[in-house]
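Participant: Sequence plus the predicted model coming up.
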Amino acid sequence: MAQAPEGTVIKLQDGSTRVKRGGQWIPAGNLFQGGAPKLEPQERTQLKEARQRAQTATGTINQLDRFMTVNRETPTGEFGGLPIVRNVRAMFDPNVAEMNSIVERLTPAQREPGSGVMSDADIKMYRASVVGVDKPGPANTRISALGKAGASRERDYAAYLDYYAKVNGTLNGAQEQWDAYAAAEPVYDPTAGTVRKATPWRQYFGIETPAPSAGGRQGGAAPPSRGGTAVKVGNQTYTVREKP
């Protein structure tokens, strides 16, 4: 049986996690001291920027929810959405003024997703998913869903980098793994112009297993993780996950 490469992560039968370092399997929590991985300066910068993008993404989701709440109370689109008309409406209708304000805040954040977060096709749709007073309510509902899905992917990316750094003590190789995920599990269906039901990243990398469906088989062994291989450790054989 082939030897597992350095940095390989395994999940033991008792649920604990080990990582291969220096030819030895050690608890993932022992990779660093003080509760934080020891990263290179550029890695710390990458992680910091991803976390900041995640905070912006949370704001985007909240703003989109607020826009749709107001939009349900105040019709948009058609004649009333023309630039001159909506500006006049905003002078007399606080709901229109609030929606205009939300769009102004959302546009810069949505048009420039973080580097390496999505595929090029997803970026194109994310940049175009901007709600507006010039669009009718049903269109804004669809666009809002697209925007929230893209923002959620931004948050997932930051969470993934945090996890990867914690387990591996480095971000080396993290982007390549994420790129493979982003290509295999895009956010959007470009043909339908809708949000895909993508596999969550924790399930994709074998960190978590999906909950059994209603009426499905309960108990038994968990399904093998993506890219899993059997590794002999002492007298036991474990399923190895690719580095997340």
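Facilitator: Looks like it came in fine.

Participant: Give the bridge partners for the spatially closest residue to residue 149 that is not a sequence neighbour, please.
Facilitator: Leaving aside its chain neighbours, residue 149 sits nearest to residue 195 (4.3 Å; criterion: Cβ to Cβ, 6 or more residues apart in numbering). (Each C-beta comes from the backbone N, C-alpha and C, glycine too.) Residue 195 has these beta-bridge partners by DSSP bridges: residue 188.

Participant: hang on, isn't residue 195 packed against residue 143?
Facilitator: No. With contact defined as Cβ atoms under 8 Å, residue 195 does not count as touching residue 143 (10.9 Å).

Participant: quick one on the thing from earlier: show me the residues around the residue nearest to residue 149 that make contact.
Facilitator: By Cβ atoms under 8 Å, 6 or more residues apart in numbering, the residues touching residue 195 are 145-146, 149, 187-189.

Participant: so what's residue 202 scoring on pLDDT?
Facilitator: With respect to pLDDT, residue 202 has a value of 89.

Participant: Just list the residues touching it, thanks.
Facilitator: residue 208 are the contacts of residue 202 under Cβ under 8 Å, 6+ apart.

Participant: how far away is it from residue 189?
Facilitator: Using Cβ to Cβ, to the nearest Å, residue 202 is found at 22 Å from residue 189.

Participant: And residue 203, which helix or strand is it part of?
Facilitator: Element membership of residue 203, judged by DSSP states H and E, is helix 201-204.

Participant: my bad, residue 67
Facilitator: Assigned by DSSP H and E, residue 67 falls in helix 41-73.

Participant: what packs against that helix?
Facilitator: Counting by 3 or more Cβ pairs under 8 Å, 6 or more residues apart in numbering; DSSP states H and E, the packing neighbours recorded for helix 41-73 are helix 94-111, helix 137-168.

Participant: Quick one: closest of these to residue 46.
Facilitator: helix 137-168 (7.0 Å; Cβ to Cβ).

Participant: tell me the contacts of the closest residue to residue 194 other than its chain neighbours?
Facilitator: Of all residues not flanking residue 194 in the chain, residue 188 sits nearest, at 7.0 Å (Cβ to Cβ, 6+ apart). Residue 188 makes contact with 121-122, 125-126, 146, 149-150, 194-196, according to Cβ under 8 Å, 6+ apart.

Participant: dump the residue contacts of residue 55.
Facilitator: Listed by Cβ under 8 Å, 6+ apart, residue 55 has no contact partners.

Participant: Can you give me the pLDDT of it?
Facilitator: If you check residue 55, the pLDDT there is 94.

Participant: now swap in the one 4 residues further on and tell me
Facilitator: Each residue has a pLDDT score; the one for residue 59 is 94.

Participant: Tell me how many other residues surround it.
Facilitator: Around residue 59 there are 14 other residues, counting by other Cβ atoms under 10 Å.

Participant: same deal with residue 43?
Facilitator: Residue 43 has 18 neighbouring residues, counting by other Cβ under 10 Å.

Participant: now swap in the one 3 residues further on and tell me
Facilitator: Residue crowding around residue 46 was assessed by other Cβ under 10 Å; the count is 20.
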